[in-house]
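Participant: Here is the input, now give the coordinates:
(3 chains)
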Amino acid sequence: MVVVYTIYIFDRHCECIFYTEWNRGRSPLSDDSAGRPKSGKGPANTAHAIDRAGTHLSGDAQRPVVWPTSATSTAHRVSPESPRNTAMEEEAKLVYGVVFSTRNIINKLNAKDGPQGGNPGGFMSFATNTYRLHYFEAPTGVKFIITTDVSTTSMQPVLEMIYRNIYVEYVVKNPLFNIDPHVSTPIENDYFRAVLNNYIREISSNTAAS
Amino acid sequence: MEKQYKTIGEDAWKNNVEKVNAELFIFTYGSLVVQLVKDYEDYAAVNKQLDKMGYNIGVRLVDDIMARTSLERCSGFTATAEVISKVGFKLFLNVAPSVASWSADGKEFSLIVDDNPLNDFCELPPKAVQDGLWYSNVLCGVIRGALEMMQMQTEVEFVRDVLRGDDTSEIRVRLLRMLDEEVPASDD
Amino acid sequence: MATNTQAQTQAQSLMKLDNKASKRSAMLLEQNVSRPRRDRVGLSAFAFLFAEIIRYSQNRVLGIQELEAKLSEVGQRVGVRVFELAMWREKTVHRETRVLQTLVFINTVVWRVLFDKQADSLERSTENDDEYMITDNEPAILKYISVPKEMTSFSPGAFISGIVEAIACCCQCPARVTSHVVPADGLPLRTVILLKFDSEVMDREKQLEASK
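Facilitator: Purely as a prediction, here's the structure:
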């Protein structure tokens, strides 16, 4: 059984363009005083009906909070003015710093470092005694990070799946998602959110995946 | 090496790519060019706009190539040229132009596009030829955009085109420099 | 004198150009179009191109309606060509001029040419006699589009309705054609193409019906 806590996606400009969380106790996005209870037994919200990938999206409330959002965001999201936003920004920066330096030192130890970056050293994950962080870097420099429980050792296929079949299909190919290659744009795409959420729920309840 | 990429391209085309009617695609491209000619009334400006749109396509399309294949970043420019032809062109247009005319320093090559689908059904009015319209200029932008995402800054341009009466169509690709990866801005 | 030579060179280069151009024409004339010269290209190639067409149009219009009009315009030029090719390839020599025949032609032949399948349904409006609806449950070419909340009324199928409008016109059945996203369970981009035929078409239909 996989317990997924968080997902971060960073673009080529080192900016977090997508973050979401499932079973995280306290996070910058949740209210500090009333931090949501942490469940050791998988996602707290599996009780909701699973929407099929691509169904018409009305059940916004069934999906976890995502971040960041643009000014046009709706109620379910954290507004850019909120203090929680600043805290989240801070966290994202730190997460990027950690994986970036870790990847770099691994590349260096493998004598594969260079100014063009990339992950030739093959950094895949690290663990603490409470969680494991998994890392996947697309050849184009987009970085996918997922944190899970410690006992889940390989999430590489999952991260690749998210890149190949969810990110590319629903973000890259969506004509209404403005990719200006020189500006970071948060992913505010309903299909992407819905499909990703379903996929994570699916692997969370599927024992074979761990 | 050439063969290896050929296999990757053909495999992905066969098993991993959704397809669409070629004529719908070709007519749609033609309709876009007509729209641009109407809007700009200047062929040089149309060339530029096509290149820009191609660039926007290229920066996205490269992720699609990587997602459909298990390619890694190319180790050198020679390999890059093969991938553009045998995988890139193959996955989107189902053709594989040949790579030719390498410069001595290995930083420039040509793609000979003998069979350019965009050209099907197309004949340029003499005025467009005279004023220098490169009908398929979008392809240059695509290549430039895609390579930039792989940290390569390039110049890409058409040098010959059958639509302009040349014997074949040729795209010249020139590597200007390798781009460094961006590093996070420091707080202090 | 100098200008004379200049004019001469210009004329020469134009002639050269002309020769080159006629070479291309000859090549095109030799092409056999009765069967498609090539079969398929990648759906992504279309999707990326379409994305740029949307983006380009978006930057040149003020609202959703204008954006749809632009996309329809791009579609219309496609429609005219698709019509010519489809007529050429169908063995029938006559043109459909009756409304129902035209609709069936679009629903089956045109859809097959464009999307390799028939449309999912063809219905007459229960409210208005001159309105018909062609429904595609999952238009492949719109597959990757996720319409953001601030654009909910936008129907990317305007491109398809443009194609249909041009074809209806080529069939002597001019109509105003619009596209609407009508999601159904599991089919977020289910698209209804609504044809409202011009009054002259409906009058002609009545006459033809009466003279039977």
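Participant: How about the helix or strand bottoming out on mean pLDDT in chain A and chain C, touching?
Facilitator: The weakest-scoring helix or strand in chain A, judged by mean pLDDT, DSSP states H and E, is strand A:66-67 (a mean of 80). No. No part of strand A:66-67 sits near chain C under the criterion CB under 8 Å from any CB of the partner chain; the closest distance found is 13.7 Å. Every residue, glycine included, has its C-beta placed from N, CA and C.
Participant: just checking, what packs against the following helix or strand past that strand?
Facilitator: Downstream of strand A:66-67, the first helix or strand assigned by DSSP states H and E is helix A:83-109. The contact analysis (3 or more CB pairs under 8 Å, 6 or more residues apart in numbering or on different chains; DSSP states H and E) places helix A:83-109 against strand A:4-10, strand A:16-21, strand A:132-137, strand A:143-148.
Participant: for residue C:42, which residues make a bridge with it?
Facilitator: residue B:19 (DSSP bridges).
Participant: So what touches the least confident helix or strand of chain A?
Facilitator: Strand A:66-67 has contacts (CB atoms under 8 Å, 6 or more residues apart in numbering or on different chains) with A:16, A:18-20, A:29, A:77-78, A:85, A:88, A:186-188, A:193.
Participant: go again using 10 Å as the cut-off
Facilitator: Residues outside strand A:66-67 that contact it (CB atoms under 10 Å, 6 or more residues apart in numbering or on different chains): A:7-8, A:16-21, A:27-29, A:73, A:76-78, A:80, A:84-85, A:88-89, A:91-92, A:186-189, A:192-193, A:196-197.
Participant: ok, that strand: who's next to it in the sheet?
Facilitator: Sheet pairing for strand A:66-67, assigned by DSSP bridges, gives strand A:16-21 (antiparallel).
Participant: between the partner strand and strand A:143-148, how many degrees?
Facilitator: Following axes from the mean of the first three to the mean of the last three CA atoms, to 10 degrees, one obtains 10 degrees for the angle between strand A:16-21 and strand A:143-148.
Participant: what angle sits between strand A:16-21 and helix A:83-109?
Facilitator: 110 degrees.
Participant: how about residue B:60, what does it touch?
Facilitator: A:140, A:168, A:171-175, A:177, A:179, A:181, B:142, B:145-146, B:149, C:44, C:47-48, C:51-52.
Participant: if we compare the helices and strands packed on helix A:83-109, which one ends up closest to residue C:209?
Facilitator: strand A:16-21 (59.0 Å; CB to CB).
Participant: Just to check, residue A:175 is in contact with residue C:148?
Facilitator: No. The criterion here is CB atoms under 10 Å, and residue A:175 misses it with residue C:148 at 11.0 Å.
Participant: Settle it for me: which of those two has more neighbours?
Facilitator: Between residue A:175 and residue C:148, counted using other CB atoms under 10 Å in any protein chain shown, the more crowded position is residue A:175 (22 against 15).
Participant: so how far is chain C from the more buried one?
Facilitator: Per CB to the nearest CB, to the nearest Å, residue A:175 is found 3 Å from chain C.
Participant: Relative to residue C:89, how far out is that residue?
Facilitator: To residue C:89, residue A:175 is 30 Å away according to CB to CB, to the nearest Å.
Participant: now residue C:122
Facilitator: According to CB to CB, residue C:122 and residue C:89 sit 21 Å apart.
Participant: The two: who's more crowded?
Facilitator: residue C:122 (19 against 13).
Participant: and that one, that's in a strand?
Facilitator: Yes. Counting by DSSP: H, G, I helix; E, B strand; the rest coil, residue C:122 is part of a strand.
Participant: was I right about residue A:164 contacting residue B:64?
Facilitator: Yes. Residue A:164 is within contact range of residue B:64, at 9.4 Å (criterion: CB under 10 Å).
Participant: List the contacts of the nearest residue to residue A:200 once chain neighbours are set aside.
Facilitator: Leaving aside its chain neighbours, residue A:200 sits nearest to residue A:4 (5.3 Å; criterion: CB to CB, 6 or more residues apart in numbering or on different chains). By CB under 10 Å, 6+ apart, the residues touching residue A:4 are A:20-24, A:42-43, A:134, A:146-149, A:152, A:155, A:158, A:199-201, A:203-204.
Participant: swap the cut-off to 6 Å and go again
Facilitator: When contacts are counted by CB atoms under 6 Å, 6 or more residues apart in numbering or on different chains, residue A:4 touches A:22, A:148, A:200, A:204.
Participant: wait, which of the residues you listed is closest to chain B?
Facilitator: Ranked by distance to chain B (CB to the nearest CB), those are led by residue A:200 at 18.9 Å.
Participant: which residue does chain B bring closest to chain C?
Facilitator: Minimum separation of chain B from chain C (CB to the nearest CB) falls at residue B:165, amounting to 2.1 Å.
Participant: just checking, what packs against the helix or strand harbouring residue B:127?
Facilitator: Using DSSP H and E, residue B:127 maps to helix B:126-130. The contact analysis (3 or more CB pairs under 6 Å, 6 or more residues apart in numbering or on different chains; DSSP states H and E) places helix B:126-130 against helix C:2-30.
Participant: Any figure for the gap between the closest residue to residue C:120 other than its chain neighbours and residue C:180?
Facilitator: In space, residue C:120 comes closest to residue C:137 once its chain neighbours are excluded; the distance is 4.7 Å by CB to CB, 6+ apart. Counting by CB to CB, the separation of residue C:137 from residue C:180 is 13 Å.
Participant: Residue A:164 and residue B:64: who's more crowded?
Facilitator: Per other CB under 10 Å, whichever of residue A:164 and residue B:64 has more neighbours is residue B:64, with 24 against 19.
Participant: where are the low-confidence patches of the chain?
Facilitator: This is for chain A. Scanning chain A for pLDDT under 70 picks out the ranges A:30-63, A:70-82, A:178-179, A:207-210.
Participant: other chain: chain C
Facilitator: In chain C (pLDDT under 70), the answer is C:1-37, C:91-96.
Participant: which stretches of it form helices?
Facilitator: According to DSSP state H, chain C carries its helices in the segments C:2-30, C:43-58, C:64-89, C:99-105, C:111-115, C:158-170, C:199-210.
Participant: Can I get the lowest-mean-pLDDT helix or strand in chain B in CSV? Just the C-alpha atoms.
Facilitator: Every helix and strand of chain B was ranked by mean pLDDT, DSSP H and E. The lowest is helix B:126-130, at a mean of 86. Output in CSV follows, covering the C-alpha atoms of helix B:126-130 (Å, rounded to 0.1, in the frame of the first residue of the first chain):
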residue,chain,number,x,y,z
PRO,B,126,4.0,34.0,-58.2
LYS,B,127,3.8,37.0,-56.0
ALA,B,128,4.3,34.9,-52.9
VAL,B,129,7.3,33.3,-54.4
GLN,B,130,8.7,36.5,-55.5
